[in-house]
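Q: Here is the input, now give the coordinates:
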Amino acid sequence: MKKTKISQFRNIGIIAHIDAGKTTVTERILFYTGKSHKMGEVHDGEAIMDWMPDEQERGITITSAVTTCQWKNCDIQIIDTPGHVDFTIEVERSLRVLDSAIGVFCAVGGVEPQSETVWRQADKYHVPKMAFINKLDRIGADFFGTVNMIKERLKANPLIMALPVGSEDSFEGVIDLLQMQQVIWDDDSLGSSYNYQEISSDLKQQADEYREKLMETLAEIDDDIMEAYLSEKPVGLETLVGAIRKATIEMKIVPVLCGSALKNKGIQPLLDAVVKYLPSPDDIPPIKGSHPVTGESIEYPPRENVPLSALIFKVSMAEGRKLSYVRIYSGSLRVGDEVYNPSRNKKEKVARILRMHANKRERIEESGAGSIVGIIGLKESSTGETLCSSQNPVILENIELYEPVISVAVEPKTHADQDKLDQVLEKFSAEDPTLKVRNDEDTGQTILSGMGELHLEVIISRMLREFKTSVNVGKPQVVYRETIEKRGQASAVFDRDVAGQHHFGEVHLILKPRPRGTGNHFSSQINPETIPESYIPAIEKSVMESLESGVVMGYPVTDVHVVLAGGSYKESMGSELAYKVAASMACSEALKKGAPFLLDPIMKIEILVPEVSMGDVIGDLNARSGKIESIEAKTGFQIIKAVVPLAKMFGYSTSLRSATQGRGTFSMHFSHFDRI
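A: The predicted structure follows:
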């Protein structure tokens, strides 16, 4: 098998708000690159990348799918990510391992809330981006309005590289502002054939104006172009392409292209732009990690002749076997290799290496730096963990996780289901780090906590469909937090014999409220004569464990500063056990004295409402203790932004549909915890 040079790899993610057309764009890319021979449509449930039955039924992406295709001598590895806020961890872990991303924006909806979320996630990992403005054939499409929203909402510097030819029903192609030619697609060939032609006279003035703006933007960031621009010398195409590529990789600009994926227009120029402007693994800084023992910083360039460093960014239970999705940053992997996981201090065997194409897979013997592959054979390694060689251990930065905000109780319908339930939930927990499972000791029920109603709905649907496990489901419950209103203090003494040995420890704690969202903090104000320093870590650990279960309803406690203010020590009787128990007792007592109360998860909500339904929708929000932050006008619609307690939002989609005759849409994501 011919090896691909590292400079010919492009690892890209397709990111956007739900329903912007990400999967349709990916399907067209696969068709035009010859990877698939039939266009799968999301609305028919036949999209290649949406292969899960739940995705096909609901018409949305739930799990990020990986595939590889070729275009102009480049291997493009694509991850199509979900757009729904409940599956935001899928986007987070995909962006962690990608080198670049294409943000897809609906020309009618513009920059929607989840687009902002995924864009910020990409910024966090310093991922260079391009924008593709989709659905220009739709009624109400506004290309320039969407570009302005990219500038204002995302604080990006958009570089318009293409203009639409016609709009709505009459949209027929694009103007390439670099080559100053018009690109028109042939509808009879499903968009496979297209031709470049002279720009039509009625669009020439607009094209000249935006070509001038393109040159001005590039002159501001590139000295050579600035010099040529000021002296009015022509700038060659190669120089322009080089300058755009450099500025895109440095995240100074976001090239903007446009089209209509559903109508098969604009995809080939997008593929050309991916090859020309987005980075290969060679163009981005080498991966940095730390030595698991010494903590020193290590960096590995994307070469095959250096030690192995790879990150598991996703785990999937495929046909009962554990499939680990891995991005190889440096070195190479062969079937039969032994790899080391420094997080668990374990060696694992690579049984198979797979090149993925959604849920289909092709076995390969080896893979090197820059590749994204599936591995079978890793028994203990999990999401976010590093694979390396035992001679050169390194730990790469982990993937940030999210706290669940909603819970449901599940119980098996039959005795046969009882045996399967624990195994099934263990598999789901390995796949999805945002799904938390615990057993309620009071009721004996199993509690599932997740990112939203849809997230838990899909988990329960998959239990039945994939594992034939039936469960009864309780009503969704909100996952609250607890905190204190005022200062509380308490002392506790542990003084007794345990297993024939006398243990003594006395601890005095002061608890103070902290500002909302700052988390918990522990500090010690005592000198070593009061309690020896060697016992302080045990006291801190015990306090932090106590804060995991509050005194109001047993929810985790947050935003509390715990001060170790005093205590006492008896020679030869002091022990870790005694101080741990005393700290736990003092912490619980001090919490009770601090006027504890519950904090609600508060959600940010953005609602698109027809003007005629505004009054009803606002009235409904007020009844749900919502606080409206802003209202923006948009042709025929109003955008309401508000914050609402999650507890009041169950069943909101039904209420909104009935208040707006099915025309209103909303999106919601977690904002913060606060008192109502």
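Q: Which of the helices or strands spans the residue positioned nearest the centre of the chain?
A: Among the residues of the chain, the one closest to the centroid is residue 92, at 2.4 Å (Cα atoms, centre = their mean). Per DSSP states H and E, residue 92 falls inside helix 88-97.
Q: With residue 307 instead?
A: Going by DSSP H and E, residue 307 is not in any helix or strand.
Q: What sits closest to it if chain neighbours are left out?
A: Leaving aside its chain neighbours, residue 307 sits nearest to residue 392 (3.6 Å; criterion: Cβ to Cβ, 6 or more residues apart in numbering). Glycine gets a C-beta too; all of them are placed from N, C-alpha and C.
Q: quick one: the one you found from residue 308, how far?
A: 8 Å (Cβ to Cβ, to the nearest Å).
Q: Looking at these two, which one has more neighbours?
A: residue 308 (24 against 16; other Cβ atoms under 10 Å).
Q: can you give me the helices for the stretch 401-550 of the chain?
A: For the stretch 401-550 of the chain, applying DSSP state H, counting those that start in this stretch gives helices covering 415-431, 453-467, 536-546.
Q: Over to the stretch 51-200 of the chain?
A: 53-58, 88-97, 113-124, 143-154.
Q: The ones you listed: lowest mean pLDDT?
A: Among the helices of the stretch 51-200 of the chain, helix 53-58 carries the lowest mean pLDDT, at a mean of 55.
Q: pLDDT of stretch 624-634, averaged?
A: 88.
Q: what are the pairing partners of the strand ranked longest in the chain, and which direction each?
A: For the chain, the strand with the greatest residue count under DSSP state E is strand 596-610. In the sheet, strand 596-610 lines up against strand 481-484 (antiparallel), strand 637-645 (antiparallel), strand 665-674 (antiparallel) (DSSP bridges).
Q: Those strands into a markdown table, with extra columns for mean pLDDT?
A: Compiled in a markdown table, these are given as follows (pLDDT from 0 to 100):
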| stretch | mean pLDDT |
| --- | --- |
| strand 481-484 | 93 |
| strand 637-645 | 88 |
| strand 665-674 | 80 |
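Q: Of these, which stretch is the most buried?
A: The highest average neighbour count among these, using mean count of other Cβ atoms under 10 Å, belongs to strand 481-484 at a mean of 23.
Q: Now it - C-alpha only, CSV.
A: What follows is strand 481-484, C-alpha atoms only, in CSV (Å, rounded to 0.1, in the frame of the first residue of the first chain):
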residue,chain,number,x,y,z
ARG,A,481,-25.8,21.5,43.5
GLU,A,482,-25.7,22.7,47.1
THR,A,483,-23.9,25.6,48.7
ILE,A,484,-24.0,27.7,51.9
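Q: From the rest of the structure, what touches that strand?
A: 511-513, 550-553, 555-560, 591, 594-599, 601, 673 (Cβ atoms under 8 Å, 6 or more residues apart in numbering).
Q: Repeat the analysis, applying 7 Å as the threshold.
A: 511, 513, 550, 552, 555-560, 591, 594-599, 673 (Cβ atoms under 7 Å, 6 or more residues apart in numbering).
Q: Please apply the same query to stretch 360-372.
A: 6, 9, 11, 66, 77, 97, 281, 302-304, 327-335, 352-355, 373-374.
Q: change it to 8 Å
A: By Cβ under 8 Å, 6+ apart, stretch 360-372 touches 1, 3-4, 6, 9, 11, 66, 68, 77, 79, 97, 280-281, 302-304, 325-335, 352-356, 373-374.
Q: go on, stretch 208-224?
A: Residues contacting stretch 208-224 (Cβ under 8 Å, 6+ apart): 157, 159-161, 163, 177-178, 180, 225-226, 229-230, 235, 239-240, 243-244, 246-247, 252-253.
Q: bridging residues for the residue nearest to residue 521 when sequence neighbours are not counted?
A: Distances taken as Cβ to Cβ, 6+ apart place residue 561 nearest to residue 521, at 4.8 Å, with adjacent residues excluded. Beta bridges link residue 561 to residue 512, residue 521, judged by DSSP bridges.
Q: Numbering from 43 from now on, please.
A: Renumbered: residue one is now 43, and that last one reads residue 603.
Q: so how many other residues sit close to residue 603?
A: Count around residue 603 with other Cβ under 10 Å applied: 17.
Q: Quick check: it vs residue 632, distance?
A: From residue 603 over to residue 632 the distance is 11 Å, taken as Cβ to Cβ.
Q: nearest residue to residue 672 other than its sequence neighbours?
A: residue 683 (4.7 Å).
Q: For residue 197, the count of nearby residues, please.
A: Neighbour number of residue 197 under other Cβ under 10 Å is 10.
Q: confidence score at it?
A: pLDDT at residue 197 comes out at 87.
Q: Let me see the contact set for it.
A: Here residue 197 is in contact with no residue (Cβ under 8 Å, 6+ apart).
Q: isn't residue 659 right next to residue 649, touching?
A: Yes: contact between residue 659 and residue 649 holds when scored by Cβ atoms under 8 Å: they sit 6.3 Å apart.
Q: Overlap in contacts, the two.
A: 682, 698, 706.
Q: Out of those residues, the closest to residue 165 would be?
A: residue 682 (26.2 Å; Cβ to Cβ).
Q: okay, now the closest residue to that closest one other than its chain neighbours: neighbour count?
A: Spatially, and ignoring its direct neighbours in sequence, residue 682 is nearest to residue 649 (4.5 Å; Cβ to Cβ, 6+ apart). Neighbourhood size, residue 649 [other Cβ under 10 Å]: 27.
Q: From residue 317, how far out is residue 649?
A: Taken as Cβ to Cβ, the span from residue 649 to residue 317 is 40 Å.
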